[in-house]
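Participant: test case, fold it:
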Amino acid sequence: MTTSPVSADASLPATVPGRRSDAGARLPAVDVFRGLAIVAVVAHHLTGLALRHAEAGSTLSTAIAVINRSLHFVVPAFVFMTALVLTRSAMRRLDLGKYYAARIRTALLPYLLWTVLYVLFRVVTHQDPLAALADPARWQVWVQYGKGYFHLYFLLIVLQFYLVLPLLLPLWRRRWPFLAVLALAFALQFLVFWLNRTGVLSFRFPGTMALWYIPALTLGMYFGANEGAFEALWARWRGWFVGAAVLALAWYVPVAVSLLEGGRVSSVTYSAANWTFTAAAVLALFGLAQVLAPFQTRWRSVLVYLGTVSLQIYLLHPGVLWFLERVGFPGRPAAFLGVLAVYGLIALGIPVLIARLLEGRALSRWLFGR
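Facilitator: Numbers count the residues shown, from 1 in each chain. Down below sits the predicted model:
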């Protein structure tokens, strides 16, 4: 997509093929980041599927669980990039009428369409009974909370962000100290956690609310409003960013795996570890994208292309995984892992092929907002 002042092309984080600075230079790190992130998304969902078929308590099951929980940064990563790209565009000029018209056309309508499509998919594949289609309460949950299918809540999160972005822009007209912004973001996040825990907010599904991703959104807006800030911080603090990500990973994964296996984990501990890990991982991933972006290699080109079609992959791959799960897995660990790798390639490849076939067609604009 191109960037006109908060154009339709800035609408969804996974659909922006590249960004330009005020000087007109492309920012390939954005697409490399998205390419890395969408591969991680597919791997996360694929390992979640595999956990249902690996022998409980086995070394294979534990290894898959560790990988799966290590990839919990994926939604915050796309939330971060959404905020960065859209804030960068909006800070130049904001026409509210065009902005909200674009959000309706390229974000709200695809969200509603994919909710309907996946609800129908659930019924056709017998995940829900036909009678569910006539239940208004079910439709309210599906639409209001992004529950039409397990991955659609991300679109709902960014829709909430799109709604309030114009109100937040004045906060970024001056350059705040990075550490102060980071500390305030976490303070606000824990305030939201406390307000929800005490019943003031009473989020039914907290993970579907944009307020559950304040660190990722804040960091995205900070770097979107201050071009060059991330590059400068990465040059000086890359060791700290990577070290923080490693330490946070070492904190979060045991907690998350224990919870997955039925252990007793404090919600405060889990949330603190999750927010710390995902924020640190997102910064480290963006740093890696900065490192990889200048290289003119085949792998870098593949990541860039995956970044340009990451929305299509995000929306389509769960359906592909459902059919692959029906095929099943072999019992031997080596064969299990081999099949898992093949399934990952298929889950990426089929959406990429569909995106390529629909490129430039009206159906693509209806389905994916571009």
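
Participant: do you know how far Leu94 is from Leu165?
Facilitator: 9 Å (Cβ to Cβ, to the nearest Å). Just so you know, the C-beta spots here come from the backbone N, C-alpha and C atoms, and that holds for glycine as well.

Participant: okay, the two: which has more neighbours?
Facilitator: Leu165 (21 against 14; other Cβ atoms under 10 Å).

Participant: list the contacts for the more buried one?
Facilitator: By Cβ atoms under 8 Å, 6 or more residues apart in numbering, the residues touching Leu165 are Leu86, Thr87, Ala90.

Participant: dump those into CSV; add distance to Thr269, pLDDT and neighbour count as well.
Facilitator: Output for the contacts of Leu165, formatted as CSV (distance: Cβ to Cβ, whole Å; pLDDT from 0 to 100; neighbours: other Cβ atoms under 10 Å):
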residue, distance to Thr269, pLDDT, neighbour count
Leu86, 33, 94, 26
Thr87, 32, 95, 24
Ala90, 36, 91, 22
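
Participant: out of those, who's nearest Gly148?
Facilitator: Proximity of the contacts of Leu165 to Gly148 (Cβ to Cβ) peaks at Leu86, which lies at 23.7 Å.

Participant: now, which of the contacts of Leu165 sits nearest Ala284?
Facilitator: Thr87 (20.7 Å).

Participant: returning to that earlier point: now, which of the contacts of Leu165 sits nearest Tyr222?
Facilitator: Using Cβ to Cβ, Thr87 is the member of the contacts of Leu165 that lies nearest Tyr222, at 8.4 Å.

Participant: would you agree that closest one is in contact with Met221?
Facilitator: Yes: the pair Thr87 / Met221 is scored as a contact, 4.6 Å apart, by Cβ atoms under 8 Å.

Participant: what are the ranges of the helices in the stretch 51-200 of the chain?
Facilitator: With helices called from DSSP state H, counting those that start in this stretch, the stretch 51-200 of the chain shows them at 59-70, 74-92, 96-103, 109-124, 136-144, 153-168, 178-197.

Participant: and these: which comes nearest Leu353?
Facilitator: Here helix 109-124 is closest among the helices of the stretch 51-200 of the chain (Cβ to Cβ), at 18.3 Å.

Participant: pLDDT on the helix ranked longest in the chain, on average?
Facilitator: Counting by DSSP state H, the longest helix found in the chain is helix 229-260. Average pLDDT, helix 229-260: 95.

Participant: could you list the low-confidence segments of this structure?
Facilitator: 1-26 (pLDDT under 70).

Participant: which non-adjacent residue is nearest the residue positioned nearest the centre of it?
Facilitator: Nearest to the mean C-alpha position of the chain, by Cα atoms, centre = their mean, lies Val75 at 2.7 Å. Nearest residue to Val75, sequence neighbours excluded (Cβ to Cβ, 6 or more residues apart in numbering): Phe154, at 5.5 Å.

Participant: tell me how many other residues crowd that neighbour.
Facilitator: Neighbour count of Phe154, defined by other Cβ under 10 Å: 25.

Participant: now do the phi/psi pair for the residue in the chain sticking out farthest from the centre.
Facilitator: Of all residues in the chain, Arg332 has its C-alpha farthest from the mean position, at 32.6 Å, by Cα atoms, centre = their mean. Taking degrees, to the nearest 10, you get phi -70, psi 130 for the backbone angles of Arg332.

Participant: sorry, back to before: my guess is the residue nearest to the centre of the chain meets Ile157, correct?
Facilitator: Yes: with contact defined as Cβ under 8 Å, Val75 reaches Ile157; the gap is 7.5 Å.

Participant: mind checking how far the residue nearest to Val75 is from Ala83?
Facilitator: Separation of Phe154 from Ala83 (Cβ to Cβ): 13 Å.

Participant: now do Leu324
Facilitator: From Leu324 to Ala83 the distance is 33 Å (Cβ to Cβ).

Participant: so for those two, which residue has more residues nearby?
Facilitator: The residue with more neighbours, out of Leu324 and Ala83, is Ala83; 27 against 21, by other Cβ under 10 Å.

Participant: excluding its backbone neighbours, what's nearest that one?
Facilitator: Gly220 (2.7 Å).

Participant: quick one: the one you found and Leu84 touch, right?
Facilitator: Yes: between Gly220 and Leu84 there is a contact under Cβ under 8 Å: 4.1 Å.

Participant: let me see the contact set for Met91.
Facilitator: Met91 is in contact with Leu169, Trp172, Gly224, Ala225, counting by Cβ under 8 Å, 6+ apart.

Participant: before we move on, the earlier item: from the contacts of Leu165, which single one is nearest Tyr314?
Facilitator: For these, the nearest to Tyr314 is Leu86 (17.0 Å; Cβ to Cβ).
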